[in-house]
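**Student:** My questions concern the predicted model and sequence given below.
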Amino acid sequence: MTELGINLPSLIAYLLNFLILLGILYLLAYKPIIRLLDQRAERIRESLAAADQARQEATSAREAIEEQINEARREGQRLLDQAREASDRFRSEEMDRARGEAEAFIERAHTDIQRERDAAIQEVRANFGELAITAAERVIRRSLDRQAHQELISQVLEEGGSASGNGRA
Amino acid sequence: MPSGSAARNLFVLAGLGLLALLLAGAVMGVIGQKILGLGDGYVPRPEIHLPPQPVFPASVRDRHLGLTPAKDHVEEPQKDADHKEGTAAKEAQEGEAHSTPLPIMQFAVTNTLLSAWFATVMLVLFFVLGSRKKSLVPGRFQSLVETLIEAALNFCGSVLGPEMGRKAFPVVATIFFFVLFNAWLALLPFYQFLGFTKDGEIKAHLLRSAGTDLNFPLALALISFVFVEYWGIRSHGLGYFKKFFAIGGLLRLRPSGLIDAFVGFLELISEFVRIVSFTFRLFGNMTAGEILVVMITFLVPFVAVEFVFGLELLVGLIQAVIFASLTLVFLSVAVSHQEH
């Protein structure tokens, strides 16, 4: 044993050396590094899961957005149609109304004219009576001269004609 | 390209220089000198010590090396030709003295123990610097250390399963890194030239690969053995010993019981023989490597030894892997459920 160099204190020194080294490396290197590796692995797993989830979310979000866009497009089309329809309806209604108003106006003008004509005729008729009476009075007061008579009548008629002409205008 | 051709020129130049050094080594080394009939070569004949030498305390070292207390101090070797011739005769008798190992109970800090401490310090520095910042996004060095740890952890897990692998990892990884660092650090140049001299020759190196001291592999083997047996008992309770004392069949007087008992006995023997095989595998490889480096340096100096260094890097790695993975395998055998 001694010839081979086996030496008990050396052996014990090597054993202690190894155990101390094991202790130091365990506390200062193995434990923290393995914890770090585990942490990192955990972190990577989480990141991958998060990325996966994010990708899914993005996909679903994109689908939702496309759906919304389509919806909006349909809605817009609908509104446009509605507006066009409303404007058409409005235009036709307005035109109808304008036409109605114009007709009513014309109608009213017609009745006004009619009524004024009637009033004028009425007035002429009334004035004509008075004129006849006035003419008769004068005839009676004067001598019944045929010539004068005729002049008188024509004078009265002239006055009445101008009076009725006034009324008609 | 100018830079490409410059690099090529440099490469060719370096190659020529190496070749010249190799030739010079072949001529100046012992082989070349003998062939040319010029003498004994310029490199002094190395002395191979199997047991490690004590370096501290100084009194033990002096007695061991046959030095007078006044003369001893650490210094680089000087090629001092004058003293060499005169002391040849004395060396012969002292050769006995400084290659005799320490008595089994005497304590001294040997050069191998010192280099084990050095390796310990370097290992601690390496891992502490690597795991100091603990950032979730690692830098290069942290990344390297973490990759090593993770690779070792995955290896443990692949042999023992993830849960048991984590429990076994600290001891197995420490064995691996300790053996590896001891082997690789021993290839550093100052292992070769720092030493205690007598008459201009290094009688004892200050540092010497711990693997060349039988106590180091023996200590690791004992650790491995105790570790394996501990987990065996812990996972099977006292039933663990049934594997070794399979005398149940023998007590019931079955003929096959004899075979079972014999197999159990073999198991028991092999359990202890592992200590010896662990010890001498590492010791043999490390010692052979060191002797090879010294001898090649002696025979063909300068460049030829670089190939041996390359080989030694590989051997150190392989031995570390073998020591750690055999421990793992024995552990997996010990904790696995036995078939009956």
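**Tutor:** Structure received.
**Student:** Which element, helix or strand, includes the residue in the stretch 151-300 of chain B that chain A sits nearest to?
**Tutor:** Residue nearest to chain A within the stretch 151-300 of chain B (Cβ to the nearest Cβ): B:A219, separated by 3.6 Å. Where you see a C-beta, it was placed from the backbone N, CA and C, and this is true even at glycine. In the assignment (DSSP states H and E), B:A219 maps to helix B:215-236.
**Student:** Mind exporting the C-alpha coordinates of that helix to PDB?
**Tutor:** The C-alpha trace of helix B:215-236 is given here as PDB (Å, rounded to 0.1, in the frame of the first residue of the first chain):
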ATOM      1  CA  ASN B 215      -5.100   8.800  -3.200                       C
ATOM      2  CA  PHE B 216      -7.100  11.200  -5.500                       C
ATOM      3  CA  PRO B 217      -8.700   8.500  -7.700                       C
ATOM      4  CA  LEU B 218      -9.200   6.400  -4.600                       C
ATOM      5  CA  ALA B 219     -11.000   9.200  -2.800                       C
ATOM      6  CA  LEU B 220     -13.200   9.800  -5.800                       C
ATOM      7  CA  ALA B 221     -13.900   6.000  -6.100                       C
ATOM      8  CA  LEU B 222     -14.800   5.900  -2.400                       C
ATOM      9  CA  ILE B 223     -17.200   8.900  -2.900                       C
ATOM     10  CA  SER B 224     -18.700   7.200  -5.900                       C
ATOM     11  CA  PHE B 225     -19.000   3.900  -4.000                       C
ATOM     12  CA  VAL B 226     -20.600   5.400  -0.900                       C
ATOM     13  CA  PHE B 227     -22.900   7.500  -3.100                       C
ATOM     14  CA  VAL B 228     -24.100   4.500  -5.100                       C
ATOM     15  CA  GLU B 229     -24.600   2.300  -2.000                       C
ATOM     16  CA  TYR B 230     -26.400   5.100  -0.200                       C
ATOM     17  CA  TRP B 231     -29.000   5.500  -3.000                       C
ATOM     18  CA  GLY B 232     -29.300   1.800  -3.300                       C
ATOM     19  CA  ILE B 233     -30.200   1.400   0.300                       C
ATOM     20  CA  ARG B 234     -32.400   4.500   0.200                       C
ATOM     21  CA  SER B 235     -34.500   3.300  -2.700                       C
ATOM     22  CA  HIS B 236     -34.700  -0.400  -1.600                       C
END
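**Student:** looking only at pLDDT, what's the mean for it?
**Tutor:** Mean per-residue pLDDT for helix B:215-236: 92.
**Student:** and if you look at stretch B:108-121?
**Tutor:** On average, stretch B:108-121 scores 89.
**Student:** does any bit of that stretch sit next to chain A?
**Tutor:** Yes - applying Cβ under 8 Å from any Cβ of the partner chain, one finds stretch B:108-121 in contact with chain A at B:108, B:110, B:112-113, B:116-117, B:120.
**Student:** Report the buried residues of that stretch.
**Tutor:** By neighbour count on 16 or more other Cβ atoms under 10 Å in any protein chain shown, the buried set for stretch B:108-121 is B:108-120.
**Student:** Just those residues: which are in helices?
**Tutor:** B:111-120 (DSSP state H).
**Student:** after the strand or helix carrying B:G17 comes which helix or strand?
**Tutor:** For B:G17, the host element (DSSP H and E) is helix B:2-28. Once helix B:2-28 ends, the next helix or strand along the chain (criterion: DSSP H and E) is helix B:30-36.
**Student:** Run through who's touching that following helix.
**Tutor:** For helix B:30-36, the surrounding residues in contact (Cβ atoms under 8 Å, 6 or more residues apart in numbering or on different chains) are B:25-27, B:39-43, B:298-300.
**Student:** Kindly supply the ChimeraX command isolating those of the residues you listed that are buried.
**Tutor:** Buried residues among the contacts of helix B:30-36 (16+ other Cβ under 10 Å), as a ChimeraX selection:
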select /B:25,26,27,41,43,298,299,300
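**Student:** Looking at the contacts of helix B:30-36, spot the one nearest A:R99.
**Tutor:** Among the contacts of helix B:30-36, B:G25 lies closest to A:R99 (Cβ to Cβ), at 125.4 Å.
**Student:** quick revisit: need the ones in helices among the buried residues of stretch B:108-121 in TSV with distance to B:A186, can you?
**Tutor:** Output for these, formatted as TSV (distance: Cβ to Cβ, whole Å):
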residue	distance to B:A186
B:N111	11
B:T112	10
B:L113	13
B:L114	12
B:S115	7
B:A116	10
B:W117	13
B:F118	10
B:A119	8
B:T120	14
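**Student:** Just give me the closest of those residues to A:L131.
**Tutor:** Distances from A:L131 to those, taken as Cβ to Cβ, are shortest for B:T120 (155.8 Å).
**Student:** Now do the end-to-end distance for stretch B:48-58.
**Tutor:** 22 Å (Cα to Cα, to the nearest Å).
**Student:** Just the buried positions in that stretch, please.
**Tutor:** B:49, B:51-55.
**Student:** how distant is stretch A:94-106 from the center of its chain?
**Tutor:** Centre-to-centre, stretch A:94-106 and its host chain are 27 Å apart (Cα atoms, centre = their mean, to the nearest Å).
**Student:** swap in stretch A:69-80?
**Tutor:** Taking mean C-alpha positions (Cα atoms, centre = their mean), stretch A:69-80 and its chain are 14 Å apart.
**Student:** Please identify the buried residues of it?
**Tutor:** Buried residues in stretch A:69-80 (16+ other Cβ under 10 Å): none.
**Student:** does the residue lying closest to B:F309 once chain neighbours are set aside sit in a helix, a strand or a coil?
**Tutor:** Spatially, and ignoring its direct neighbours in sequence, B:F309 is nearest to B:L187 (5.6 Å; Cβ to Cβ, 6 or more residues apart in numbering or on different chains). Here B:L187 is recorded as coil under DSSP: H, G, I helix; E, B strand; the rest coil.
**Student:** longest helix in the chain, by residue count?
**Tutor:** I went with chain A, as the question did not name one. helix A:31-141.
**Student:** Wait, chain B was what I had in mind.
**Tutor:** Criterion DSSP H: the longest helix present in chain B is helix B:255-299.
**Student:** what angle do that helix and helix B:215-236 make?
**Tutor:** The directions of helix B:255-299 and helix B:215-236 differ by 150 degrees, with axes from the mean of the first three to the mean of the last three Cα atoms, to 10 degrees as the criterion.
**Student:** so does helix B:255-299 get close to chain A?
**Tutor:** No - legend: contact between helix B:255-299 and chain A by Cβ under 8 Å from any Cβ is lacking; minimum distance shown is 8.7 Å.
**Student:** In contact with the residue of chain A found nearest chain B, which residues are there?
**Tutor:** Of all residues in chain A, A:G5 sits closest to chain B, at 3.1 Å by Cβ to the nearest Cβ. By Cβ under 8 Å, 6+ apart, the residues touching A:G5 are B:50-52, B:101-102, B:213-215.
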